[in-house]
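*Asks:* Task: produce atomic coordinates for the following.
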Amino acid sequence: MIKDVIKNSEEKMKKTISVLKGDLQTMKAGRANPTMLDRIQVDYYGSPCPLTQVANVSAPEPRVLMITPWEKTILKDIEKAILKSDLGLNPSNDGSVIRLIIPELTEETRKNLVKNVKKTGEEAKVAIRSIRRDANEKIKGMKKNGDISEDEVKKGEDDVQKITDSYVKEVDAIITAKEKEIMSI
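*Replies:* Modelled structure (predicted):
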């Protein structure tokens, strides 16, 4: 019973970490990374579709992304989607591919990016602590129902806290690594 609650909580915390990693990959850090475009939705025959499902995205050079659509007819739609996004990149269309030049980050831009990274990290920590709270409430609920003893409640809460601490440390490590990546020139 308690093991199930703890296992379930740990799985949710793992998902929180993978969401955090995904969010951080889409932030531009001065280098071209095809995952930066993962959140872009392209209008494909009237319905929104992820860019990666209508085109190939590659990084032929450290600061250039190249988008090769499966169909040349959607070049304009891809261009519009990139311009509407929050990336702030200007696509250049040569009729068959779209190139995105990733600008060098200024010191101010780097500092703003680091702020966003820290904010994203804090959101992940809040999510992890919320999972801990839910797990502890379930464990206390088991005690109220008479399913477990006071000692089992204490041990269960300690185990949940240990797991929580390890995932919070992992978030800190991920955030620190991303900050170094952004601040390195």
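*Asks:* how much space between the most far-flung residue of the chain relative to its centre and V153?
*Replies:* In the chain, counting by C-alpha atoms, centre = their mean, G146 sits farthest out from the average C-alpha position, at 40.6 Å. For G146, the distance to V153 (C-beta to C-beta, to the nearest Å) stands at 12 Å. The way it works is simple: take the backbone N, C-alpha and C, and place the C-beta from them, glycine included.
*Asks:* biggest helix in the chain by residues?
*Replies:* Counting residues, the longest helix found in the chain (DSSP state H) is helix 107-144.
*Asks:* The helix or strand that that helix is followed by - contacts with which helices or strands?
*Replies:* Using DSSP states H and E, the next helix or strand after helix 107-144 towards the C-terminus is helix 150-183. Applying 3 or more C-beta pairs under 8 Å, 6 or more residues apart in numbering; DSSP states H and E, we find helix 150-183 packed against helix 2-25, helix 107-144.
*Asks:* I'd like the mean pLDDT over the longest helix of the chain, please.
*Replies:* Confidence for helix 107-144, expressed as mean pLDDT, is 89.
*Asks:* Report the distance from that helix to the chain centre.
*Replies:* 13 Å (C-alpha atoms, centre = their mean, to the nearest Å).
*Asks:* Which strands and helices lie in contact with that helix?
*Replies:* Against helix 107-144 (3+ C-beta pairs under 8 Å, 6+ apart) you get helix 2-25, helix 150-183.
*Asks:* need the contact list for I131.
*Replies:* I131 makes contacts with S9, K12, M13, T16, T164, as judged by C-beta atoms under 8 Å, 6 or more residues apart in numbering.
*Asks:* tell me, how many neighbours does S184 end up with?
*Replies:* 9 (other C-beta atoms under 10 Å).
*Asks:* before we move on, what about V126?
*Replies:* So V126, with other C-beta under 10 Å, has 11 neighbours.
*Asks:* Repeat that for A135.
*Replies:* So A135, with other C-beta under 10 Å, has 25 neighbours.
*Asks:* Which residue is the nearest non-sequential neighbour of it?
*Replies:* S9 (4.1 Å; C-beta to C-beta, 6 or more residues apart in numbering).
*Asks:* And for M13?
*Replies:* Nearest to M13 is Y167, by C-beta to C-beta, 6+ apart, at 4.4 Å.
*Asks:* Of all the helices and strands packed on helix 107-144, which one is nearest L105?
*Replies:* Proximity to L105 (C-beta to C-beta) singles out helix 150-183 among the helices and strands packed on helix 107-144, at 7.3 Å.
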